[in-house]
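Chemist: Need coordinates for the following:
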Amino acid sequence: KRVEELVKKYFDKKTICPLIVIANEKNYEGVVYGMIDLAEVVVVTEDSISMISESIQSGKSVIVLQGARYGIRPKYERFQQIVRLRNYAVICHATDLAHHIEAFLSRKQTLSPCQDRGRMTERLVGAL
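Modeler: Numbering: from 1, shown residues only. Purely as a prediction, here's the structure:
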């Protein structure tokens, strides 16, 4: 809640960010896909496997921001290992965030495209 208030206060009436979406307050239809589509680099937190997956599927450069690693669930850890091994996203702490954003924007760092959705669809269709 404190971070939400800080973001709203800082970006209030600033032209750099004319729309602020605080998911806890209101979820606008399609806004997540719009933000991902407009972004050159997508930064998501590690606590949402679905947001990470959707971002990776977009074909954009994705950075997964790790928080304090207290009590992270094993399935999140396994998911991050898969993402890291397949080079679908960069997983980093806040201290390295600027470095990775710069590397993506300058094209010094690239990721592998995710083909998992197509493979899953083929397997499901083949099973019918």
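Chemist: Does Val64 belong to a helix, a strand or coil?
Modeler: strand (DSSP: H, G, I helix; E, B strand; the rest coil).
Chemist: so how far is Cys17 from it?
Modeler: 22 Å (CB to CB, to the nearest Å). Backbone N, C-alpha and C define where each C-beta goes, glycine included.
Chemist: Tell me where the model's unsure across the chain.
Modeler: 13-15, 68-71, 116-128 (pLDDT under 70).
Chemist: how about the helices in it?
Modeler: Secondary structure of the chain by DSSP state H: the helices cover 2-11, 31-38, 49-57, 74-85, 94-105, 116-127.
Chemist: right, so of the ones you listed, which gets closest to Glu25?
Modeler: When the helices of the chain are compared by CB to CB, helix 2-11 sits nearest Glu25, at 7.7 Å.
Chemist: quick one on the thing from earlier: of the helices of the chain, give the one that comes closest to Asn24.
Modeler: Once these are compared by CB to CB, helix 2-11 is nearest, at 6.7 Å.
Chemist: who's in contact with the residue nearest to the spatial centre of the chain?
Modeler: Nearest to the geometric centre of the chain sits Val44, at 3.1 Å (CA atoms, centre = their mean). Shown in contact with Val44 (CB atoms under 8 Å, 6 or more residues apart in numbering): 51-52, 55, 62-65.
Chemist: Can you tell me which of those residues is nearest Asp12?
Modeler: Leu65 (23.7 Å).
Chemist: what's the nearest residue to that closest one if we skip its chain neighbours?
Modeler: Thr45 (5.2 Å; CB to CB, 6 or more residues apart in numbering).
Chemist: The one you found contacts Gly67, correct?
Modeler: Yes - if you go by CB atoms under 8 Å, Thr45 and Gly67 touch, sitting 6.6 Å apart.
Chemist: Tell me how many other residues crowd Val31.
Modeler: Using other CB atoms under 10 Å, the number of residues around Val31 comes to 13.
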